[in-house]
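>>> Sequence plus predicted model, see below.
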Amino acid sequence: MADKVRLSLDEVRSLAEVVLSRYGLSERHVEAVSDTIVAGERDECASHGIYRLLVCAHTIKAGKVALDAEPVVHDIAPALVKVDAQGGYAQLAFKLGKPVLAEKARRCGIAAMGLNNCVHFAALWPEVEELARDGLVAFAFTPSHAWVAPAGGKKPIFGTNPIAFGWPRPGEHPYVFDFATSAVARGEIELHRREGKPIPLGWGIDADGNPTTDAAAALEGAMLTFGGHKGSALSTMIELIAGPLIGDMTSAESIAYDGGAKASPHGGELIIAIDPARFLGSLAAEHLARAEALFEGIAGQGARLPSQRRYEARARTATEGVYVPRKLLEDIQALLD
Ligand code: NDP
Ligand code: PYC
């Protein structure tokens with residue numbers, strides 16, 4: 001563990017808060033952004049943990065995020081809400097819009113929320129997990145920057161476009177999955193590049209379109225979708241429903257807006273919530289119990305449920321803390337010099 005440093009979760013939070021405050025983020029954004037960075041470390045999701053402090057510092061220095069943006073909630077229809085993040089980080093916009101979304105889902109059975117005009121670097125699972133803990137079935141989608149080639153092509157057009165899903169489970173942690181529609185998140189390739197590690201074939205191609213195991217070459221060339229044409233179609237769907245459908249940018253538009261700054265993506269996010277109690281009335285408990293049989297059928301044969309690893313990590317890191325690469329910590333501390 002010599003190349004790693006142990007930090008308690010309180011130390012992770014302090015580090016995030018100090019860096020983000022030093023870079024000028026308003027108090028409300030510092031809190032909302034720190035929450036997701038701590039959650040990333042706590043659940044051992046390294047690509048969206050404290051590494052993102054380097055990304056935030058870069059994005060802020062590039063002038064690509066509104067530091068004290070006050071999101072504005074627009075209640076546009078019985079089952080629709082939009083939140084204009086006003087060029088700030090998405091986390092605060094989600095925090096302010098979530099109660100409105102949940103109330104609408106309970107009243108109408110289903111509701112959707114569009115976050116607009118936000119800077120997005122976060123994992124989506126904290127959001128769908130939160131909604132599922134409130135008893136709602138939840139979906140979340142966001143485009144990013146055009147880094148990913150379509151199946152059969154060689155030039156980036158899609159973002160890494162994650163898709164997240166949360167399902168409430170009585171007496172258990174919610175069932176949650178959240179993954180990029182690229183073979184892997186870009187952050188994971190960045191971490192490989194930082195550590196000088198090769199990437200598996202299938203994650204990316206170089207600028208000439210050749211398969212590569214060189215992380216830097218894949219970052220310069222194009223990333224690949226997961227599952228060939230299937231990931232490509234899902235990624236297209238995310239571009240559409242979290243871009244034009246909610247009046248926001250596609251990943252190609254986001255990277256054009258970036259203008260070479262290499263800052264975090266700017267655009268929208270779509271979140272959908274469904275209330276099983278409204279769908280099923282008095283039969284909700286009975287049908288949610290049937291869902292448990294499905295989970296048992298998966299886990300009972302030794303396959304693991306998505307998020308199981310995260311929940312196990314969460315229980316462990318609460319007492320043991322987390323181990324972060326020494327070089328990463330030094331680079332973050334250098335932001336404060
Ligand atoms: P992975 O390919 O690691 O997939 C993560 C998901 O798959 C998790 O739900 C994980 O559960 C589950 N999983 C992984 N291995 C298994 C397994 N063997 N059996 C069952 N389930 C498994 O992640 P990605 O690199 O695709 O994405 C990482 C993160 O990056 C996501 O949180 C995503 O939101 C974020 N991201 C954000 C973007 C943005 O624009 N804001 C863009 C792209 C990605 P578990 O956590 O328990 O391991
Ligand atoms: O890791 O692909 C990624 C990513 C993009 C935006 C936030 N995370």
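It's in. Ligands and ions are numbered 1, 2, ... in the order given.

>>> ok, longest helix in the chain?
helix 90-108 (DSSP state H).

>>> how far does stretch 207-223 stretch from start to finish?
Terminal residues of stretch 207-223 are spaced 10 Å apart (Cα to Cα, to the nearest Å).

>>> How about stretch 153-171?
Using Cα to Cα, first and last residues of stretch 153-171 are 46 Å apart.

>>> Say whether ligand 1 is contacted by it.
Yes: residues of stretch 153-171 contacting ligand 1 under Cβ under 6 Å from any ligand atom: 160, 162, 164. Glycine gets a C-beta too; all of them are placed from N, C-alpha and C.

>>> what's the answer for stretch 172-184, then?
Yes: shown here: stretch 172-184 in contact with ligand 1 (Cβ under 6 Å from any ligand atom) through 177-180, 184.

>>> With stretch 239-249 instead?
No: Stretch 239-249 stays clear of ligand 1 (Cβ under 6 Å from any ligand atom), getting no nearer than 9.7 Å.

>>> quick one: low-confidence parts of the protein?
1-2 (pLDDT under 70).

>>> near ligand 2, which of the residues of stretch 172-184 next to ligand 1 show up?
Restricting the residues of stretch 172-184 next to ligand 1 to those near ligand 2 - Cβ under 6 Å from any ligand atom - leaves residue 180.

>>> near ligand 2 too, which of the residues of stretch 153-171 next to ligand 1?
residue 160.

>>> of all the residues of stretch 153-171 next to ligand 1, which comes closest to ligand 2?
residue 160 (3.3 Å; Cβ to the nearest ligand atom).

>>> Contact partners for the closest one?
With Cβ atoms under 8 Å, 6 or more residues apart in numbering as the criterion, the residues that contact residue 160 are 144, 147-148, 180-182, 185-186, 223.

>>> Residue 35 in helix, strand or coil?
Under the three-state scheme (DSSP: H, G, I helix; E, B strand; the rest coil), residue 35 adopts helix.

>>> burial of it, as a residue count?
17 (other Cβ atoms under 10 Å).

>>> mind listing the helices for the stretch 1-150 of the chain?
For the stretch 1-150 of the chain, the helices defined by DSSP state H, counting those that start in this stretch cover 9-22, 27-42, 51-61, 90-108, 125-133.

>>> And the residue nearest to residue 195 when sequence neighbours are not counted, its phi and psi?
Spatially, and ignoring its direct neighbours in sequence, residue 195 is nearest to residue 325 (7.1 Å; Cβ to Cβ, 6 or more residues apart in numbering). Here is the backbone geometry of residue 325 (degrees, to the nearest 10): phi -60, psi 130.

>>> What strand or helix carries the residue lying closest to residue 47 once chain neighbours are set aside?
Among residues not flanking residue 47 along the chain, residue 187 sits closest, at 3.3 Å (Cβ to Cβ, 6+ apart). Assigned by DSSP states H and E, residue 187 belongs to helix 186-194.

>>> elements contacting whichever helix or strand comes after that helix?
Where DSSP H and E defines the elements, the next helix or strand beyond helix 186-194 is strand 204-205. Applying 3 or more Cβ pairs under 8 Å, 6 or more residues apart in numbering; DSSP states H and E, one finds that strand 204-205 contacts helix 215-220, strand 222-224.

>>> I am finished for the moment; much appreciated.
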